[in-house]
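A.B. asks: mind looking at a prediction? Sequence and model below.
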Amino acid sequence: MVLKNQVEWALHCCSVLAGLPDDVFLATKDLAEFHGVPKEYLSKAMQSLSQAGLVETTLGPRGGYRLARSPSEITFLDIVEAVEGRRTTFQCQEIRKNNPCRPAKQKDSSICAVARIMYGADEAWRKHLKSVRLADLLQTLGQEIPSEILQKSSEWLATRK
């Protein structure tokens, strides 16, 4: 499975927005510049987050995005599904029915074994992503990113407000 680039971008942007004061909005162009990604494509991801109710937006010279809810209320799954959609990552095409040795009118009493395994894997990664909140990421980043970089990043973002 390969997720869109916008999923990574949305996760990083939400982590930046989670670190901002509640009354601050950050423009897409600033988020794009901060992460070194194309503004036009990032805009689509941000719009998806807005439509999902994860971020809110305002227009004007001080416009942009901010989180619509607390970082403790937003899961990684919320963000991934906002960008990718809620459909499963595996679509069974029932190719087992193409087996030339199989009776033509055979009825299957259960879901394909391959599909069961793949659906289980899809459920497992969704369960994991649902267990990780944006607030958890902030705590991890606070431990892993050197304080000097965090400070410089905060200062850089503060000049964009």
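C.D. replies: Perfect, thanks for sending it.

A.B. asks: mind naming the longest helix for this structure?
C.D. replies: helix 113-131 (DSSP state H).

A.B. asks: could you list every helix and strand in contact with that one?
C.D. replies: If you count contacts as 3 or more CB pairs under 8 Å, 6 or more residues apart in numbering; DSSP states H and E, helix 113-131 packs onto helix 76-84. For glycine as for every other residue, the C-beta is placed from the backbone atoms N, C-alpha and C.

A.B. asks: show me what the helix it packs on is packed against.
C.D. replies: Partner elements for helix 76-84 (3+ CB pairs under 8 Å, 6+ apart): helix 5-18, helix 39-51, helix 113-131, helix 134-144.

A.B. asks: tabulate the CA atom coordinates of it in CSV.
C.D. replies: Only the C-alpha atoms of helix 76-84 are listed here, as CSV (Å, rounded to 0.1, in the frame of the first residue of the first chain):
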residue,chain,number,x,y,z
PHE,A,76,-3.6,9.9,13.0
LEU,A,77,-6.4,7.9,11.5
ASP,A,78,-8.6,11.0,11.3
ILE,A,79,-5.9,12.8,9.3
VAL,A,80,-5.2,9.8,7.0
GLU,A,81,-8.9,9.2,6.3
ALA,A,82,-9.4,12.9,5.6
VAL,A,83,-6.9,12.8,2.9
GLU,A,84,-7.2,9.2,1.6
